[in-house]
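*Asks:* Sequence first, predicted model second:
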Amino acid sequence: MGKRCFPLFVDLSGWPVVLFGGGRVACRRAQVLQSFGAQVRVIAPDCRPELERLGIPIQRRAYQPGDCAGARLALAATDDRQVNHAIFLEARAAGIPVNVCDAPEECDFLFPAVAECPPLVAGLVSGGEDHRLVRRVAQKIREHLGEWMG
């Protein structure tokens with residue numbers, strides 16, 4: 001069994017969040033964070049076009065020590081294990097909660113699949129283990145949440 005995490009829901013409005021990586025995972029996370037009011041900035045040498053269309057600041061370069069400064073959350077979603085680990089170490093040393101996409105054991109928080117039908121918000125995680133199951137169940141919840149609300 002993976003991590004057993006308490007589902008803490010936080011108002012991210014105005015929070016500075018640094019997201020490392022420009023691929024599919026980073027794009028999904030940036031969209032969700034932005035939709036909840038976080039002030040996301042991305043640091044990545046290359047980015048998917050969908051990420052560019054979000055209109056968030058993108059620094060087109062690799063991670064450098066010190067890049068977590070000023071953030072209230074950090075997310076490492078690069079395709080390089082060593083870079084993700086370095087981001088984890090920097091964020092942890094600075095007391096910044098960090099999520100590392102390829103290492104659940106290095107996460108201070110798990111990034112949930114979100115299902116939303118205002119005023120309800122549901123977040124699902126599997127302890128960092130079974131992402132396909134989480135995706136399937138979240139999709140079912142999205143499909144039915146409105147009808148369940150009446």
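*Replies:* All right, it came through fine.

*Asks:* give the contact list for Val10.
*Replies:* The contact partners of Val10, by Cβ atoms under 8 Å, 6 or more residues apart in numbering, come to none. For every residue, glycine as well, the C-beta is placed using N, CA and C.

*Asks:* quick one: which helix or strand includes it?
*Replies:* Taking DSSP states H and E as the definition, Val10 sits outside all helices and strands.

*Asks:* and it, what pLDDT?
*Replies:* pLDDT recorded at Val10 is 93.

*Asks:* now the end-to-end length of stretch 107-123.
*Replies:* 16 Å (Cα to Cα, to the nearest Å).

*Asks:* Kindly report the same for stretch 93-102.
*Replies:* So stretch 93-102: terminal residues 19 Å apart, Cα to Cα.

*Asks:* quick check: longest helix of the chain.
*Replies:* helix 131-149 (DSSP state H).

*Asks:* Using CSV, write down the CA coordinates of that one.
*Replies:* Extracted in CSV, the C-alpha atoms of helix 131-149 (Å, rounded to 0.1, in the frame of the first residue of the first chain):
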residue,chain,number,x,y,z
HIS,A,131,-2.6,6.3,-11.4
ARG,A,132,-4.8,4.5,-13.9
LEU,A,133,-7.2,3.5,-11.2
VAL,A,134,-7.4,7.0,-9.9
ARG,A,135,-7.9,8.4,-13.4
ARG,A,136,-10.8,5.9,-14.1
VAL,A,137,-12.6,6.5,-10.8
ALA,A,138,-12.2,10.3,-11.1
GLN,A,139,-13.7,10.2,-14.6
LYS,A,140,-16.7,8.2,-13.3
ILE,A,141,-17.1,10.8,-10.5
ARG,A,142,-16.9,13.6,-13.1
GLU,A,143,-19.5,11.9,-15.2
HIS,A,144,-22.0,11.5,-12.4
LEU,A,145,-21.3,14.3,-9.9
GLY,A,146,-23.9,16.7,-11.4
GLU,A,147,-26.7,14.1,-11.5
TRP,A,148,-25.9,13.0,-7.9
MET,A,149,-26.3,16.6,-6.8
